[in-house]
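S.K.: what follows is a predicted structure for the sequence shown.
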Amino acid sequence: MGEAIVVLNAGSSSIKFSLFAARGEELSLSLRGQIEGLYTAPHFVAKAPDGRQKAEKSWGEGTKLGHEGALEHLVAYLRGELAGDQLAGVGHRVVHGGMQYTRPVRVDAAVVKALEKFVPLAPLHQPHNLAPIRLLLERQPALPQVACFDTSFHRSNPDLAQRFALPERLHREGVQRYGFHGLSYEYITSVLPKYDARAAAGKTVVLHLGNGSSMCAIDAGRGVASTMGFTAVDGLPMGTRCGALDPGVVLYLMDQHGMHARAIEKLIYQESGLLGVSGISSDMRTLLASAEPRARLAVDLYLYRIRRELGSLAAALGGLDAIVFTAGIGENSAEIRARVLRDAAWLGAELDAAANEKGGPRIGAASSRVSAWAIPTNEELMIARHTRSLLATTKETVS
Ligand code: ADP
């Protein structure tokens, strides 16, 4: 009998889950899936690591299963799938750990209370991330839970990188640059030595390009700067988020369009980015396949901002040894990778076109001064690893 770890990533309308089995030092994925449409038309699906469907269930249109009902279903299903393993604990993806949580934490009622303080900093995500934690604490208090944060990786940033040029009182109140996608950057950092020892010990920019996109400067394994700031709307344009925006635009929208916070929030989080510029889609595949000038414009703008941020992050690092692409677009789009690397020729990056078309992992030419890689990220595995190691070190205190 071995140990199993469940990883949960709860959003506003879905809960994604993975089940890992501990085999010696290794953690292997047993299955993954999600329940979507929690408040509209709930649909549950679980798949084996090879993509084979293992289970499915639909609730009728209009069923409000909610986080609570979904969690009940999931826990019952996952317990049935343990195959003799003991459920050691549940690891949760939590978007915000503030300045306080520089690493994952074992959750109890006091920690939940502390994490609730960050709801105003991430109102669209934090409450949903906390919902299953609270429910499990109530229903299954003996089940160990660990919270892993998207912000923690960036706490090694120098103080200057975490500041806005605002009055000190706002800085103290928590108006600071936090950075996100930290679990992805941490995973890439953990595997980079296997690919490129020089990059792992040197200066690397990782591009996490998915629906949410950001870039992170990493020096000898430590995050030093990120394109995302106070919230995950900053930095690069994304599927539906605008990225960095002159705050004067927000004032203009309030003054001239009479827009209030919620309307501006909807505009900059859901109606902008690739979708807003193209007017066609937030999906990079659709835009790359389209001949519409506005689709091309959206892709061009995305790449232009990446090019500028790359220069900025290289400046923060004081040099550059490697560029790493990850997440949906970074892992799968040879075209985007090629264009980013061509734009980065001035930094010493040289593309190996054939290797890039094949998907890497090495996509830079052998002669390239700056190496280039496409490496799949694995945030769930990172959470499972953290959960396992944290529970191992706190086992004495577990009843
Ligand atoms: P999330 O941030 O939601 O986890 P993903 O990391 O899955 O998102 O990335 C989703 C994005 O990846 C979408 O824009 C999708 O179009 C893009 N993508 C996936 N495969 C490809 C591909 N082959 N070429 C271009 N873009 C792709």
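M.R.: That came through, no problem. Residues are numbered from 1 along each chain as shown.

S.K.: so what touches stretch 377-392?
M.R.: With contact meaning Cβ atoms under 8 Å, 6 or more residues apart in numbering, stretch 377-392 is reached by 3, 5, 7, 9, 18, 20, 22, 27, 29, 32, 88-93, 103-106, 144, 146, 148, 183-184, 186-188, 190, 208, 326-327, 331, 398. Using the backbone N, CA and C atoms, a C-beta is placed for each residue, glycine as well.

S.K.: mind running it again at 7 Å?
M.R.: Stretch 377-392 has contacts (Cβ atoms under 7 Å, 6 or more residues apart in numbering) with 5, 7, 18, 20, 22, 27, 88-89, 91, 93, 104, 106, 144, 146, 148, 183-184, 186-188, 208, 326-327.

S.K.: and what of stretch 331-342?
M.R.: Contacts for stretch 331-342 (Cβ under 7 Å, 6+ apart): 209, 284, 288, 303, 306, 323, 325, 329, 349, 351, 353, 356-357, 363, 372, 374, 376.

S.K.: and if we set it to 8 Å?
M.R.: For stretch 331-342, using Cβ under 8 Å, 6+ apart, the contacting residues are 207, 209, 284-285, 288, 299, 302-303, 306-307, 310, 323, 325, 329-330, 349-351, 353, 356-357, 359, 363-364, 372, 374-377.

S.K.: the ligand contacts on the stretch 101-250 of the chain?
M.R.: Gly210, Asn211, Gly212, Gly239 (Cβ under 6 Å from any ligand atom).

S.K.: check the gap between the first one and Ile336 for me.
M.R.: Read it as Gly210. Note on Gly210: its distance to Ile336, by Cβ to Cβ, to the nearest Å, is 12 Å.

S.K.: return every residue with contacts to both of these two.
M.R.: Ile329, Gly330.

S.K.: now the contacts of stretch 331-342: which count as buried?
M.R.: 207, 209, 284, 299, 302-303, 306-307, 310, 323, 325, 329-330, 349-351, 356, 363-364, 372, 374-377 (16 or more other Cβ atoms under 10 Å).

S.K.: out of those residues, which are inside helices?
M.R.: Residues of those located in helices (DSSP state H): Met284, Val299, Tyr302, Leu303, Ile306, Arg307, Leu310, Ile329, Gly330, Asn356.

S.K.: what ranges in the stretch 1-150 of the chain fall below the confidence cut-off?
M.R.: Flagging of the stretch 1-150 of the chain using pLDDT under 70 yields an empty set of residue ranges.

S.K.: strands of that one, start to end?
M.R.: 3-10, 15-23, 26-36, 43-47, 53-58, 86-94, 105-106, 145-149 (DSSP state E, counting those that start in this stretch).

S.K.: dump those to TSV, plus mean neighbour count and distance to Gly69.
M.R.: Below are these laid out as TSV (neighbours: other Cβ atoms under 10 Å; distance: least, Cβ to Cβ, whole Å):
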stretch	mean neighbour count	distance to Gly69
strand 3-10	25	13
strand 15-23	21	10
strand 26-36	18	9
strand 43-47	18	11
strand 53-58	12	12
strand 86-94	22	17
strand 105-106	19	27
strand 145-149	27	19
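
S.K.: make TSV from those and add distance to Asn157 to it.
M.R.: What follows is these, written out as TSV (distance: least, Cβ to Cβ, whole Å):
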stretch	distance to Asn157
strand 3-10	24
strand 15-23	28
strand 26-36	28
strand 43-47	37
strand 53-58	41
strand 86-94	19
strand 105-106	20
strand 145-149	14
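
S.K.: quick check: which of those strands is nearest to Arg294?
M.R.: Nearest to Arg294 among the strands of the stretch 1-150 of the chain is strand 26-36 (29.5 Å), distances taken as Cβ to Cβ.
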